[in-house]
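Enquirer: The sequence and its predicted three-dimensional model are supplied below.
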Amino acid sequence: MAHHLIIEADGSQHSESTTDVTRTAWLETRGWRVLRFWNNDIMTNADGVADAILMALSDRKTLTRLAAARHPLP
């Protein structure tokens, strides 16, 4: 299954990059989705970044099953 997902790690120099906006728009017109994460988030919130990627790749049923496995009810 092709997801056409691009994951990009960015530093603060990209906070107002018009080049990034233009490139993302170009990619999206060709069917790609772009997820962009700050380097700091990757280093300090790896679980949150992983969850966001899983969410982008998963349908709702799969996502619900993964969440239940990760955080089982008492």
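Expert: Perfect, thanks for sending it.

Enquirer: residues of stretch 48-57 that come out buried?
Expert: The neighbour-count criterion (16 or more other C-beta atoms under 10 Å) identifies Val49 as the buried residues of stretch 48-57. (Glycine included, C-beta is placed from N, CA and C.)

Enquirer: Point out where this structure drops to low pLDDT.
Expert: Along the chain, segments meeting pLDDT under 70 span 1, 12-15, 59-74.

Enquirer: if we go to 80?
Expert: When residues are selected by pLDDT under 80, those of the chain lie in 1-3, 10-17, 59-74.

Enquirer: what ranges do the helices span in it?
Expert: If you assign secondary structure with DSSP state H, the helices in the chain sit at 18-29, 39-44, 46-57, 60-70.

Enquirer: which one of the ones you listed lies closest to Asp10?
Expert: helix 39-44 (6.7 Å; C-beta to C-beta).

Enquirer: quick check, distance from the closest one to the centre of its chain.
Expert: 13 Å (C-alpha atoms, centre = their mean, to the nearest Å).

Enquirer: That one: which residues count as buried?
Expert: For helix 39-44, burial by neighbour count (16+ other C-beta under 10 Å) applies to no residue.

Enquirer: So what touches it?
Expert: By C-beta atoms under 8 Å, 6 or more residues apart in numbering, the list of residues contacting helix 39-44 from outside reads Ala9, Asp10, Gly11, Gly48, Val49.

Enquirer: Please save the CA atoms from it in PDB.
Expert: Included here for helix 39-44 are C-alpha records, laid out as PDB according to Å, rounded to 0.1, in the frame of the first residue of the first chain:
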ATOM      1  CA  ASN A  39      14.100  18.700  15.500                       C
ATOM      2  CA  ASN A  40      13.400  19.500  19.200                       C
ATOM      3  CA  ASP A  41      10.100  17.700  19.100                       C
ATOM      4  CA  ILE A  42      11.800  14.600  17.700                       C
ATOM      5  CA  MET A  43      14.400  14.700  20.400                       C
ATOM      6  CA  THR A  44      12.000  15.400  23.300                       C
END
